[in-house]
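Asker: sharing a model prediction with you, sequence too.
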2 protein chains.
Amino acid sequence: MIEVSVKALSRRPGWSNVSTSRSREGRRSRAERAERGIPEATVARLPIYLRALAALSEREVTTASSEELASAAGVNSAKLRKDLSYLGTYGTRGVGYDVDYLGYQIAREIGLTQDWTVVIVGIGNLGHALANYSGFVSRGFRVGALFDNDPVRVGEVIAGVRIHSLGDLDRVVKREQVSIGIVATPSTAAQDVCDRLVGAGVSSILNFAPVVLSVPPGVDVRKVDLSIELQILAYHEQRKAGIVDHAAVATIRPVGGRR
Amino acid sequence: MIEVSVKALSRRPGWSNVSTSRSREGRRSRAERAERGIPEATVARLPIYLRALAALSEREVTTASSEELASAAGVNSAKLRKDLSYLGTYGTRGVGYDVDYLGYQIAREIGLTQDWTVVIVGIGNLGHALANYSGFVSRGFRVGALFDNDPVRVGEVIAGVRIHSLGDLDRVVKREQVSIGIVATPSTAAQDVCDRLVGAGVSSILNFAPVVLSVPPGVDVRKVDLSIELQILAYHEQRKAGIVDHAAVATIRPVGGRR
DNA sequence: CCGATTTTGTTCTCTCGTTCACAAACTCTT
DNA sequence: AAGAGTTTGTGAACGAGAGAACAAAATCGG
């Protein structure tokens, strides 16, 4: 599916040219670009590029063009080149990008060259699945501790990590230098857990509970909501199906839906 | 946290005014707007509004202003009003929105007034969690069937739904009129599973596997990638921490990361 | 060393999304 | 009935992101 030019594969490019072109400096230095910050849309795509690069690296591909990379990542090549240009000039004109070098640069930009300790709060079905998810560990995220309300589960060990009681949260988070918290509790408990996490010093939260968390400024929250994703699909599915059923307006169903 | 005016609560607004203002018609009719389609960014927020409305309805709040709704949904009120204006004019100036009425209109627009049957493929930790997720059922999504590769698991029943073998996929999907498929397999199997789903007539896919799925035109894919969410948080966390460690560039780690 | 070829980095344009600000429409009070 | 007070719906300004297109920089073959 992904075509890699034979020329590129048969050659081991040095980086000297890249280095010189960097030392010559374009209009803005890499440091200056970083200061301005990378556009949010680009940040969201960098992990995808990283994954594509890792896949290529595993196949022992050493060089890839923007076209090849873009197709592997599912974006168009102009967008990919522009995204990468925010990080610096890591490609070589007429050649392409060195897979490992570019991969390292992206990893460093995202902050994956250091380790991050995360905690997961709420070890229900989802929390359990998250604790076992190998994708975290493989990207430099260490699960430092698990927390649950239920006294029966406290002490249990999942994927080598012990479940603590919520009362221990503050102490453990501070001891383990946790910076990212994952909330996988029922929605009723989510805000309280969030407050505890923030109180203990966590400044980034990944929220799986279907509620809007309010946090003080300086704290980042990202939300993953399975039900919302399905609803978005349903909207498009309905449009594909064609005509809207206007007659159905007569049968009103309460907002709460079925509980 | 959410203030609801006493005036609004003590009154039961009729919709006659809304109806008249709708029958008078603005520049574009509701049907014309729908034809043009609702902006993608707005579609993504409608389920959030719906959730906020459901919460208000449960507290027996009958009317809410754009300000109140917006704060419950975590957006600003101008954006909320503009979003709602794409659906039609369902509010009353000087009063606000009738909670149940607006809720129904949004639900209808998204397509939640009809039932959707989904199937989940890959019953590992995550698939198991998804099968048990009550958020689906409460919003009109019915889990029609589960599928897994592992012969040992076939026949097992989770949350009242039986696990089928992958060989049955085509038959069951066609029989149950499934329109949405959830892929929760390891990444190696994802594309194959996706192809089978599409082949059986599924035209919307929610993908949890960390790969870029390629699908024929007309098929929608949405991706939920836990690792990517964490990486985005890590980027911002790093920026908050302040200075980039330029010295660390010396110690190069391969792209593939730890496996 | 030179011209042909490849491919990046960047500029320009266009589209999409957000926010502001205010007229229009409604309620309430007197 | 009229004026004061609310709150919506939307036009207009602004900003961010996507894509096309191309000059600049590298390689390659002779």
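Answerer: On my side now, so go ahead. This one's a predicted model, so the numbers in the text were calculated from it and none came from an experiment. Numbers count the residues shown, from 1 in each chain, chains lettered A, B, ... in the order given.
Asker: which residues in chain A form strands?
Answerer: A:63-64, A:91-92, A:96-98, A:116-121, A:141-148, A:157-158, A:161-165, A:180-183, A:204-207, A:220-223 (DSSP state E).
Asker: report the mean confidence score over the third one.
Answerer: Meaning strand A:96-98. Throughout strand A:96-98, pLDDT has a mean value of 98.
Asker: same question, the fifth one
Answerer: Confidence for strand A:141-148, expressed as mean pLDDT, is 97.
Asker: quick check: angle from it to strand A:161-165?
Answerer: Inter-element angle recorded for strand A:141-148 and strand A:161-165: 40 degrees (by axes from the mean of the first three to the mean of the last three C-alpha atoms, to 10 degrees).
Asker: if we can go back for a sec, turn the strands of chain A into TSV, columns for distance to DNA strand D.
Answerer: Bear in mind the C-beta positions are built from the backbone N, C-alpha and C, glycine included. Formatted as TSV, these follow (distance: least, C-beta to the nearest atom of the strand, whole Å):
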stretch	distance to DNA strand D
strand A:63-64	10
strand A:91-92	5
strand A:96-98	10
strand A:116-121	23
strand A:141-148	24
strand A:157-158	37
strand A:161-165	35
strand A:180-183	22
strand A:204-207	19
strand A:220-223	15
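Asker: select, out of those, the one closest to B:Ile110.
Answerer: In terms of C-beta to C-beta, the element of the strands of chain A nearest to B:Ile110 is strand A:220-223, at 17.9 Å.
Asker: mind listing what's buried in stretch A:61-68?
Answerer: If you call a residue buried by 16 or more other C-beta atoms under 10 Å in any protein chain shown, then stretch A:61-68 has these buried ones: A:61-66, A:68.
Asker: which of those sit farthest apart?
Answerer: A:Thr62 and A:Ser66 (15.5 Å).
Asker: show me what from chain A comes close to DNA strand C.
Answerer: Contact residues (C-beta under 7 Å from any atom of the strand) of chain A with DNA strand C: A:5, A:8, A:26-27, A:65-67, A:77-78, A:81-82, A:84-85, A:89-97.
Asker: what about A:Ser71, neighbour count?
Answerer: 20 (other C-beta atoms under 10 Å in any protein chain shown).
Asker: confidence score at it?
Answerer: pLDDT at A:Ser71 comes out at 96.
Asker: any idea how far it lies from DNA strand C?
Answerer: The gap separating A:Ser71 from DNA strand C is 12 Å, by C-beta to the nearest atom of the strand, to the nearest Å.
Asker: what's the spacing between that residue and B:Lys82?
Answerer: To B:Lys82, A:Ser71 is 36 Å away according to C-beta to C-beta, to the nearest Å.
Asker: and the spatially closest residue to A:Ser203 that is not a sequence neighbour, its phi and psi?
Answerer: Leaving out its chain neighbours, the residue that sits closest to A:Ser203 by C-beta to C-beta, 6 or more residues apart in numbering or on different chains is A:Val219, at 5.1 Å. Note on A:Val219: its backbone torsions stand at phi -100, psi 130 [degrees, to the nearest 10].
Asker: what sits against A:Val219?
Answerer: The neighbours of A:Val219, taking C-beta atoms under 8 Å, 6 or more residues apart in numbering or on different chains as the test, are A:198, A:202-205.
Asker: determine which two of these are furthest apart.
Answerer: Greatest spacing in these, by C-beta to C-beta: A:Val198 and A:Ser204 (10.1 Å).
Asker: those two: which has the busier surroundings?
Answerer: More crowded of A:Val198 and A:Ser204, by other C-beta under 10 Å: A:Ser204, with 25 against 18.
Asker: I figured the more buried one hits A:Gly181, correct?
Answerer: Yes - counting by C-beta atoms under 8 Å, A:Ser204 does reach A:Gly181; the two are 7.3 Å apart.
Asker: which of the residues of chain A next to DNA strand C count as buried?
Answerer: A:8, A:65-66, A:81, A:84, A:90-92, A:95-97.
Asker: go through those residues and name the one with the lowest pLDDT.
Answerer: At the low end of pLDDT for these is A:Ala8, which has 35.
Asker: got the contact list for the closest residue to A:Arg196 other than its chain neighbours?
Answerer: For A:Arg196, ignoring the flanking residues on the chain, the nearest one in space by C-beta to C-beta, 6+ apart is A:Leu169 at 5.3 Å. Counting by C-beta under 8 Å, 6+ apart, A:Leu169 makes contact with A:119, A:121, A:147, A:196-197, A:200.
Asker: OK, contacts around A:Ser204?
Answerer: Under the criterion of C-beta under 8 Å, 6+ apart, the neighbours of A:Ser204 are A:179-181, A:219-222, B:233-234, B:236-237.
Asker: low-confidence ranges, chain A, go.
Answerer: Low-confidence segments of chain A (pLDDT under 70): A:1-36, A:243-259.
Asker: could I get the full set of helices for it?
Answerer: Ranges of helices in chain A, per DSSP state H, are A:6-9, A:16-24, A:30-36, A:40-58, A:66-73, A:77-85, A:99-110, A:125-132, A:134-137, A:169-175, A:187-199, A:226-241.
Asker: to B:Glu229, which of the ones you listed lies closest?
Answerer: Distance to B:Glu229, taken as C-beta to C-beta, is lowest for helix A:40-58 among these, at 8.9 Å.
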